[in-house]
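Visitor: mind looking at a prediction? Sequence and model below.
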Amino acid sequence: MTSRVRVMAGACGFTSVVRVSRVDKKHVSVKIISACKMLRKMNEDLALLDWRKDLFCNISNSIIYRSANKHLMHTDCPVPCAIVKVIQIELEGMVPTNVCMQFERIGKEDEM
């Protein structure tokens, strides 16, 4: 089986697709399809992951976030989080539920 997520990242204008396939009991493969060169470079690091040690750990020890630290220039990129979530879906540890962030600017009179 394969799971995927489509991420419309926002201001950069890139839409990326992350595909995750379970390889065996311990491993998943991750493929990022994107016009963003920085995200595509993460494919080298994420081609085959031992999800038990590379995913479910402290965020700073996660291979996904270490790869993002190495290749991405923008800390606000939502793709690394999406990678974690789609791996969880592929492993049947999470149901495929959409995540949404809605941003708005508000004036002083609207603050509460």
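Guide: Perfect, I can see it now.
Visitor: switch to C-alpha atoms for all contacts and neighbour counts from now on
Guide: Noted.
Visitor: buried ones in stretch 39-54?
Guide: 39, 40, 41, 42, 43, 46, 48, 49, 50, 51, 54 (16 or more other C-alpha atoms under 10 Å).
Visitor: quick one: mean pLDDT for it?
Guide: Averaged over stretch 39-54, pLDDT sits at 94.
Visitor: with stretch 16-24 instead?
Guide: Averaging pLDDT along stretch 16-24 gives 97.
Visitor: now do it: distance to the chain's middle.
Guide: 11 Å (C-alpha atoms, centre = their mean, to the nearest Å).
Visitor: re earlier: with secondary structure as added columns, please give the buried residues of stretch 39-54 in a markdown table.
Guide: Listed next are the buried residues of stretch 39-54 as a markdown table, based on DSSP: H, G, I helix; E, B strand; the rest coil:
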| residue | secondary structure |
| --- | --- |
| 39 | helix |
| 40 | helix |
| 41 | helix |
| 42 | coil |
| 43 | helix |
| 46 | helix |
| 48 | coil |
| 49 | strand |
| 50 | strand |
| 51 | helix |
| 54 | helix |
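Visitor: could I get those residues as TSV with distance to residue 68?
Guide: Shown next, in TSV, are the buried residues of stretch 39-54 (distance: C-alpha to C-alpha, whole Å):
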residue	distance to residue 68
39	8
40	11
41	9
42	7
43	10
46	10
48	16
49	15
50	17
51	17
54	13
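Visitor: okay, now the unreliable bits of the protein?
Guide: Low-confidence regions of the chain, defined here as pLDDT under 70, cover residues 110-112.
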